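[1] prediction below, plus the sequence it came from.
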Amino acid sequence: MYYTKRKVKKGPIIILGIIILVIILAICGINLYKKYTSNEYKLGEKGYKENEIEKILKFDDKYITYAINHDYEDDFIPLVEQKYFIWKNYDKYINFIDDEYGDKKVDYSRVVSLVNVGANNEPYTHTKKTDMDKGYAILVNKYNSLPDKYAPKDIVEMSNWYAYPDNSIRKDVYDAFKEMSAAAKEDGYTLIVNSSYRSYEEQKEIYDDYERNRGKEYADTYAARPDFSEHQTGLSLDVFSPGANMSNFADTETFKWLSENAYKYGFILRYPEGKEDITGYNYEAWHYRYLGKELAKKVFESGLTYDEYYAYYLDD
Ligand SMILES: [Zn+2]
């Protein structure tokens, strides 16, 4: 009786034990499976440290997938974290860093700016025709040219009230300049244009002259090549105050007024100080580019050069 009793009791205990064991093993198995298939684990396997993994997991899925499927890259996180990082430029950023920095400390913001605008290449190499469908937003620089021998059709003469003799510009730009000029006048400043639309032939003459007399390098430093000049767009004006010149205009109150107000009339300072390697041009306090009011405001508020703004927001 006692023997039978014991026997009956033992069976369910063993079964229960087995069930519990199976459950424990299943939970462990699931957890292990989860661990080894988690992005966190995979990134760790690639060599990313805990704090790096934390950052990567906050990125978009496509960046996480990239990191999981490629070797550890110490430039990956700082690049993706850049405000103006463009995914399709990733390989170019990496190549540029390798060429330009070696073991030196990398300025990632500079890398992103230069590569985005194409300035990781020598000027006038890797050039393309600019997208004329962009209208007043077209980008013209040492990598983006106008169509061959481009000439705008709505060029009008500027009166001597606004410009030195022999200046002409596109109609809408002229109207915008008149409006800006009147506003400046009201604040006590006089604006005068000394260079404006330049035809392909005129630009070619300037460039060829420099090249003949001083060589190609000099010519490329001081003049744009024909079809690569913003003046040929009919959207750019060189603006001074009467009596000022290239060497002192940046120090005038008129320049200060323009820096703060030009965007309200559709113009931006095209070649700002300290951005020479991005724009490809020396600082020109007098060179203003018409973009239309809406876009000029956005560019002004972004604090970017137009080359950078275009690359990030407008290029497609
Ligand atoms: Zn100019």
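    Sure, I can see it. Just so you know, these numbers come straight off a predicted model, no measurement behind them. Residues are numbered from 1 along each chain as shown.

[2] what's the longest strand along the chain in contact with?
    Looking across the chain with DSSP state E, the single longest strand is strand 284-290. Residues outside strand 284-290 that contact it (C-beta atoms under 8 Å, 6 or more residues apart in numbering) are 136, 170, 172-173, 176, 194, 230, 235-240, 246, 249-250, 255, 258, 262, 266-271, 273, 281, 296, 306. Using the backbone N, CA and C atoms, a C-beta is placed for each residue, glycine as well.

[3] drop anything exposed from the residues you listed.
    Listed as buried from the contacts of strand 284-290 are 136, 170, 172-173, 176, 194, 230, 235-240, 249, 255, 258, 262, 266-271, 281, 296, 306; burial here means 16 or more other C-beta atoms under 10 Å.

[4] just those residues: which are in helices?
    The helices, defined by DSSP state H, take in 172-173, 176, 255, 258, 296, 306 from these.

[5] quick check: the farthest pair among these?
    D172 and F255 (23.9 Å; C-beta to C-beta).

[6] around the ion, pick out the residues from the chain.
    Residues of the chain that fall close to the ion, judged by C-beta under 5 Å from the ion: 238, 287.

[7] can you spell out which residues form a bridge with the residue of the chain found nearest the ion?
    At 3.6 Å from the ion, H287 is the closest residue in the chain, using C-beta to the ion. Taking DSSP bridges, one obtains D238 as the residues bridged to H287.

[8] at which residues are the strands of this structure located?
    Using DSSP E, strands in the chain cover 128-129, 144-145, 155-157, 168-170, 192-195, 236-240, 267-271, 284-290.

[9] T65 - how many residues pack around it?
    For T65, the count of nearby residues is 13 (other C-beta atoms under 10 Å).

[10] mean pLDDT for the strands of the chain - can I get that in a markdown table?
    Supplementary listing: the strands of the chain in a markdown table, determined by pLDDT from 0 to 100:
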| stretch | mean pLDDT |
| --- | --- |
| strand 128-129 | 98 |
| strand 144-145 | 98 |
| strand 155-157 | 98 |
| strand 168-170 | 98 |
| strand 192-195 | 97 |
| strand 236-240 | 98 |
| strand 267-271 | 98 |
| strand 284-290 | 98 |
